[in-house]
Every structure is written in C-alpha cells, then in structure tokens.
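J.: Coordinates for the following, if possible.
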Amino acid sequence: MTKVDFYLLGAADSESRERTACRITEKAWRLGHRVYVLVPDQSAALEFDELLWTFSQGSFVPHGVLADDNDAATHPVLIGHAEPPVALNDVLVSLVQNVPPWFSRFARVAELVGAADDDKTRARERFRYYRERGYPLDTHSL
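T.: Residues are numbered from 1 along each chain as shown. All right, here's what the predicted structure looks like:
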C-alpha cells in the first residue's frame, strides 16, 4: 500500500516548496529510488528542471522533463505534469494541489505543504482523502 508523507514548511522557512522538493528528490535518488516529480504545468516542469541544476552548489541529480514513455528508462528522476509512464512506480513528489488519480501505483508519495493558508487548506483536504481511504500517513515539520 502507498505510504504518504506530508512535509510541512514553517512560516519562517526561507526555502520554497520547490527547493524542498529538490532536496527530497535528491535524497530519494541517492537512496536508489526512481522519482517522478509532478508539477502543475509545462512551464513549472521547465522551472523545476532548471532548479534541480542550481538548488545546491555541487549537487547533481540526473533528471529529465517527461517527453515520452521512453524517458522512464533513461532518467532516474523525471519531471512532468501528467500521468507518468507505467514503469514509474517508486516515489512520487507532488507539487500539485489535488491528489492525482494514479498516485496509488507508487510505493511512496511526498506531499509538500507551504506556510500559506491556501496551501494548508488544500493539504488538509488531501490528507483527509488519503486517511479516509486507509493509506499510511506521516507528517514531518521542517
């Protein structure tokens, strides 16, 4: 069953949700996981692609922006705004406001929650969705 982790960014936290997603993605990749980063649209995918190159001096996360199903075999980390290839089912890092209908095929889901009231409200809705369906949940305050 999919395990869901919520990462809560504090109001004083200077890191953005995206930078935190980069750190989580890098850690998962270094632990040998394949990662799909779900973003809202193509523009956000390109921005996250750039951020993965620059978020930490000296770090390297091999990744690509999803163009077709063959990308899953080429890149251990993929960024996209639609359903990923079936071959990806390890770690999902979600930067969208809704629960994707295909999330349950992943072993782990990382949900990032910003400090803004709107982010918290939407995260509570997602948390309730997962809890009502019996998924194991953990919350991490950063």
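
J.: Every contact and neighbour count from this point should use C-alpha atoms.
T.: OK.

J.: which secondary element of this protein has the worst mean pLDDT?
T.: Here the helix or strand of the chain ranked lowest by mean pLDDT, DSSP states H and E is helix 71-74, holding a mean of 80.

J.: all helices of the chain, in order?
T.: For the chain, the helices defined by DSSP state H occupy 17-30, 42-54, 71-74, 117-132.

J.: For F60, which of the ones you listed is the nearest?
T.: helix 42-54 (6.9 Å; Cα to Cα).

J.: What residues of stretch 31-45 count as buried?
T.: Neighbour counts over stretch 31-45 (16 or more other Cα atoms under 10 Å) mark 33-39, 44-45 as buried.

J.: Let's have these in CSV, adding pLDDT and distance to V93.
T.: Converted to CSV, the buried residues of stretch 31-45 look like this (pLDDT from 0 to 100; distance: Cα to Cα, whole Å):
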residue, pLDDT, distance to V93
H33, 97, 12
R34, 96, 11
V35, 97, 7
Y36, 97, 6
V37, 98, 5
L38, 98, 6
V39, 97, 9
A44, 96, 14
A45, 96, 13
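
J.: Would you indicate which residues of stretch 61-72 are buried?
T.: Those would be 61, 63-66, 71-72, for stretch 61-72 by 16+ other Cα under 10 Å.

J.: beta partners for the residue positioned nearest the centre of the chain?
T.: Nearest to the geometric centre of the chain sits V93, at 1.3 Å (Cα atoms, centre = their mean). V93 has these beta-bridge partners by DSSP bridges: V37, A110.

J.: Any idea how many residues pack against the nearest residue to C22 once chain neighbours are set aside?
T.: Among residues not flanking C22 along the chain, L52 sits closest, at 6.0 Å (Cα to Cα, 6 or more residues apart in numbering). When neighbours are defined as other Cα atoms under 10 Å, L52 has 22 of them.

J.: who's in contact with L52?
T.: Residues near L52 by Cα atoms under 8 Å, 6 or more residues apart in numbering: 22, 60-61.

J.: do you know how far D5 is from W29?
T.: Distance of D5 to W29, given as Cα to Cα, to the nearest Å: 16 Å.

J.: now P62
T.: Applying Cα to Cα to P62 and W29 gives a distance of 9 Å.
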